[in-house]
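Asker: this one's sequence-less:
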């Protein structure tokens with residue numbers, strides 16, 4: 001019984017240490033993905049309208 005409690009306590013301690021790290025990694029990856037998405041969106045917008053820069057319609 002004591003071995004089960006030790007094993008369970010180790011698992012709980014591991015989860016308490018790893019969950020914040022995993023959450024930080026998820027937040028980092030989501031924000032990096034959002035930044036890349038915004039750059040691609042801006043690039044596509046500029047590519048679409050670059051022909052009109054010379055004629056003064058932009």
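Answerer: Perfect, I can see it now. Keep in mind that what you see is a predicted model, and the values were worked out from it rather than measured.
Asker: do you know how far residue 10 is from residue 51?
Answerer: Separation of residue 10 from residue 51 (Cβ to Cβ, to the nearest Å) stands at 64 Å. Using the backbone N, CA and C atoms, a C-beta is placed for each residue, glycine as well.
Asker: Repeat that for residue 22.
Answerer: Distance of residue 22 to residue 51, computed by Cβ to Cβ: 46 Å.
Asker: ranges for the helices of the chain?
Answerer: Listed in chain order, the helices of the chain (DSSP state H) span 2-49.
Asker: so where's it uncertain?
Answerer: 1, 56-58 (pLDDT under 70).
Asker: switch to 80 and redo it
Answerer: 1-4, 51-58 (pLDDT under 80).
Asker: what number of residues lie near residue 20?
Answerer: Using other Cβ atoms under 10 Å, the number of residues around residue 20 comes to 9.
Asker: Distance of it relative to residue 31?
Answerer: Counting by Cβ to Cβ, the gap from residue 20 to residue 31 is 16 Å.
Asker: now swap in residue 44 and tell me
Answerer: 21 Å.
Asker: now residue 4
Answerer: Separation of residue 4 from residue 31 (Cβ to Cβ) stands at 41 Å.
Asker: Also residue 48?
Answerer: In this view, residue 48 and residue 31 are 26 Å apart by Cβ to Cβ.
Asker: How about residue 37?
Answerer: 10 Å.
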